[in-house]
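Engineer: Task: produce atomic coordinates for the following.
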Amino acid sequence: MNLKSILGLKTTPALSTEAQAIADRVSTTEGCQALADELNRQREALPVPSAGASLLRRKLDELARVMKGHAIATDRPRAAAVLKRDMDSASKSLKAAESRLKSANEAASLAGGALAERAALVNRLKLELVELHAAADKAVEIARSGFSDAMARGDVGADGEAAAFDAVKKAEHYRATCGESLASRIKGHDAERQRLEEASNEASAAAQQAQDEVSLCRLQLARVEHDDAAQKMIDAAIKVRALRNADSSGQAFALSTIHPMDLTIASTERVTWGDKLCGESGRVRDYVLVEMAKAMAPANLELLAAPVAPVVPEPAAVLPDPFSFLPGSIEFENAQRAFERARVGATQYEANLRAEQSHPLRLGAPA
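Structural biologist: Residues are numbered from 1 along each chain as shown. Model (predicted):
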């Protein structure tokens, strides 16, 4: 699609037959180039300066402007295709990154839940072990107290003392061995808790990385959307500069001033004529916008169709006959020089004359 049609700059005024023929020729870049070649050949055949040469130069300048407009219009589909490609790619990447983030968050949640359950189990078993040890300590204390009472009373006999002592030993043995099985279980569950903790940390790191990827994809998509909006602003700026801004009397319309844009492009590939429109930093050059707006203006068909006056060759100069004058007279010598100049040409004649003046002896002059 032609950029002029997109910007609403294309006009279809009533044209003469000659102007319509020119309009058909300049409707393509190839037609413009062919017409430019013809005009260049005509200009080479014209003497300079001349009115015809001046008109041809103006026509060639107009053709160069129209060809620039074709180049801009041709570049627009390329930029639009790149923009669509990048938009689709960025959207697809963001969707995939968000899917990975969802999976990573679910995995991190499951790992965190498993870790919490195992940590709670270890804590509960440790509490049971503490309570078991406390009960065993209490039993040892009671047994020792009973043994002390038996020894103090002295009326229990040897069998009573032996029984009290045996109770102390049993209590102490129980205290030493009661928590072995439970401690072993705690050790196993704690090792599993450590493994689950490492898995949870890895899952959390993966979720954080997935979140970073989502943020980067959103930024890349935003940059593409920025360039899409920038292209619309550029098109609007070109249209404002290209459209007629004065009435039929030449009086400018009362419009608010539009200042040059301070706009930066993320990728010049996604903008029409971006390699020329933007500087190395991606900043839009306002003077190029002005140039693009001029290039988008309709072709001056009246100028391009204007006829060039044909070249009328000058009549050949009538040379005097030397022999119509008296030999040796001034008229005879002047006529002979004019005849010789016309015969060999002005450049060669001047060269021969300089040679005669430089080497008089070789030419038979008296010594």
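Engineer: Going by C-alpha atoms from here, please, whenever you check contacts or count neighbours.
Structural biologist: Fine.
Engineer: Run through the residues that contact the residue nearest the centre of the chain.
Structural biologist: Computing the C-alpha centroid of the chain and ranking residues by Cα atoms, centre = their mean puts residue 267 first, at 0.9 Å. The contact partners of residue 267, taken as Cα atoms under 8 Å, 6 or more residues apart in numbering, are 227, 282.
Engineer: Please tell me how far it sits from residue 229.
Structural biologist: According to Cα to Cα, to the nearest Å, residue 267 stands 13 Å off from residue 229.
Engineer: Need the residues touching each of the two.
Structural biologist: Counting by Cα under 8 Å, 6+ apart, nothing touches both residue 267 and residue 229.
Engineer: where does the closest residue to residue 108 other than its chain neighbours fall, helix, sheet strand or coil?
Structural biologist: The shortest distance from residue 108 to any non-neighbouring residue, by Cα to Cα, 6 or more residues apart in numbering, is to residue 203 (4.6 Å). Three-state call for residue 203 (DSSP: H, G, I helix; E, B strand; the rest coil): helix.
Engineer: how many other residues sit next to residue 203?
Structural biologist: Neighbourhood size, residue 203 [other Cα atoms under 10 Å]: 21.
Engineer: mind listing what it touches?
Structural biologist: 104-105, 107-108, 111.
Engineer: Output those residues in a markdown table; the columns should cover neighbour count, pLDDT and secondary structure.
Structural biologist: Shown next, in a markdown table, are those (neighbours: other Cα atoms under 10 Å; pLDDT from 0 to 100; DSSP: H, G, I helix; E, B strand; the rest coil):
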| residue | neighbour count | pLDDT | secondary structure |
| --- | --- | --- | --- |
| 104 | 21 | 97 | helix |
| 105 | 19 | 96 | helix |
| 107 | 19 | 96 | helix |
| 108 | 22 | 96 | helix |
| 111 | 21 | 95 | helix |
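Engineer: want to throw those into JSON lines with distance to residue 245?
Structural biologist: Listed next are the contacts of residue 203 as JSON lines, based on distance: Cα to Cα, whole Å:
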{"residue": "104", "distance to residue 245": "59"}
{"residue": "105", "distance to residue 245": "59"}
{"residue": "107", "distance to residue 245": "63"}
{"residue": "108", "distance to residue 245": "63"}
{"residue": "111", "distance to residue 245": "68"}
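Engineer: tell me which of those is nearest to residue 302?
Structural biologist: Closest to residue 302 out of these is residue 104 (69.0 Å), distances taken as Cα to Cα.
Engineer: now the stretch 1-150 of the chain, which segments are flagged as low pLDDT?
Structural biologist: Flagging of the stretch 1-150 of the chain using pLDDT under 70 yields the residue ranges 1-15, 47-51, 147, 149-150.
Engineer: All the strands of the stretch 51-200 of the chain, residue numbers only.
Structural biologist: For the stretch 51-200 of the chain, applying DSSP state E, counting those that start in this stretch gives no strands.
Engineer: Then the stretch 201-350 of the chain?
Structural biologist: Going by DSSP E, counting those that start in this stretch, the stretch 201-350 of the chain shows no strands.
Engineer: so where's it uncertain?
Structural biologist: Along the stretch 201-350 of the chain, segments meeting pLDDT under 70 span 309-323, 346.
Engineer: Go again with 80.
Structural biologist: Applying pLDDT under 80 to the stretch 201-350 of the chain flags residues 244-246, 250, 254-258, 308-350.
Engineer: now the helices for it?
Structural biologist: 274-277, 286-296, 301-305, 330-344, 346-358 (DSSP state H, counting those that start in this stretch).
Engineer: Rebuild those as CSV, extending it with distance to residue 207.
Structural biologist: Shown next, in CSV, are these (distance: least, Cα to Cα, whole Å):
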stretch, distance to residue 207
helix 274-277, 38
helix 286-296, 45
helix 301-305, 65
helix 330-344, 94
helix 346-358, 89
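Engineer: Could you pull up phi and psi at the residue nearest to the centre of the chain?
Structural biologist: phi -140, psi 120 (degrees, to the nearest 10).
Engineer: buried ones in stretch 82-98?
Structural biologist: 82-83, 86-87, 90-91, 93-94, 97-98 (16 or more other Cα atoms under 10 Å).
Engineer: of all the residues you listed, which two lie farthest apart?
Structural biologist: 82 and 98 (24.0 Å).
Engineer: Any figure for the gap between residue 204 and residue 101?
Structural biologist: Distance from residue 204 to residue 101, by Cα to Cα: 11 Å.
Engineer: Out of the contacts of residue 203, flag the one nearest to residue 172.
Structural biologist: Among the contacts of residue 203, and counting by Cα to Cα, the member closest to residue 172 is residue 111, at 42.3 Å.
Engineer: Correct me if wrong: that closest one contacts residue 196.
Structural biologist: Yes. Using Cα atoms under 8 Å, residue 111 is in contact with residue 196, at 6.8 Å.
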